[in-house]
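In: Sequence below, structure please.
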Amino acid sequence: MNLSIQISPFWSLLIPLLGGLAIIMVRVRSTRKPATMRKILIPPLGMATGFLMFVVPETHIPLSWALGAFATGALLFSIPLILTSKMEFVGEDVYLRRSKAFFFLILILLAIRLVLHDVVEQYVSVLQTASIFFLLAFGMLVPWRLAMAYKFRKLHQERSGAAL
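Out: As a prediction, this is how the structure comes out:
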């Protein structure tokens, strides 16, 4: 089964740009509603379904590439997200605090991703490129969301400890 895919440069630029815009819009909306542990942890669980892509043999990549992509996301890209994600109590609820730095960071990460995508795609197939960038994104999302869950829990513990 040959799953060779050709994507025009227009679409390979437009789709990630729309994805970045969607992330920014979701982030703005999320600051308008209280955060919950469920809302923090559902995105990585939902994204984990993307591992089904590896059922298709054409998406397979060497384990070292997979670990490298995941580690790059976890060690390089998640840290700025963690540092720009603040939480605070507003009344009885915890809210994510908007950060202008976060919006610039998302745009910078998107630009880096676009450049890296074009470079990587010169050496491997489109489907393998998708695998690499999925693992990079998953590696970025998991530590970020775990750090948010930790901050959320810590805020609640501090509040309940202060009430005693």
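In: Apart from its neighbours in sequence, what residue is nearest the spatially most central residue of the chain?
Out: The chain has Leu141 as the residue nearest its centroid, 3.8 Å off, counting by Cα atoms, centre = their mean. Excluding the flanking residues, the one nearest Leu141 by Cβ to Cβ, 6 or more residues apart in numbering is Pro44, at 5.3 Å. To be clear about C-beta, it is placed using only N, CA and C from the backbone, and glycine gets the same treatment.
In: Unless I misread the structure, the one you found falls within a helix.
Out: Yes: assignment of Pro44 by DSSP: H, G, I helix; E, B strand; the rest coil places it within a helix.
In: Just give the number of residues close to it.
Out: Pro44 has 16 neighbours, counted by other Cβ atoms under 10 Å.
In: for it, what are its contacts?
Out: Phe138, Leu141, Val142, Arg145 (Cβ atoms under 8 Å, 6 or more residues apart in numbering).
In: Distance to Pro80, pLDDT and secondary structure added to these, as a markdown table?
Out: Output for the contacts of Pro44, formatted as a markdown table (distance: Cβ to Cβ, whole Å; pLDDT from 0 to 100; DSSP: H, G, I helix; E, B strand; the rest coil):
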| residue | distance to Pro80 | pLDDT | secondary structure |
| --- | --- | --- | --- |
| Phe138 | 17 | 95 | helix |
| Leu141 | 13 | 93 | helix |
| Val142 | 15 | 97 | helix |
| Arg145 | 14 | 95 | helix |
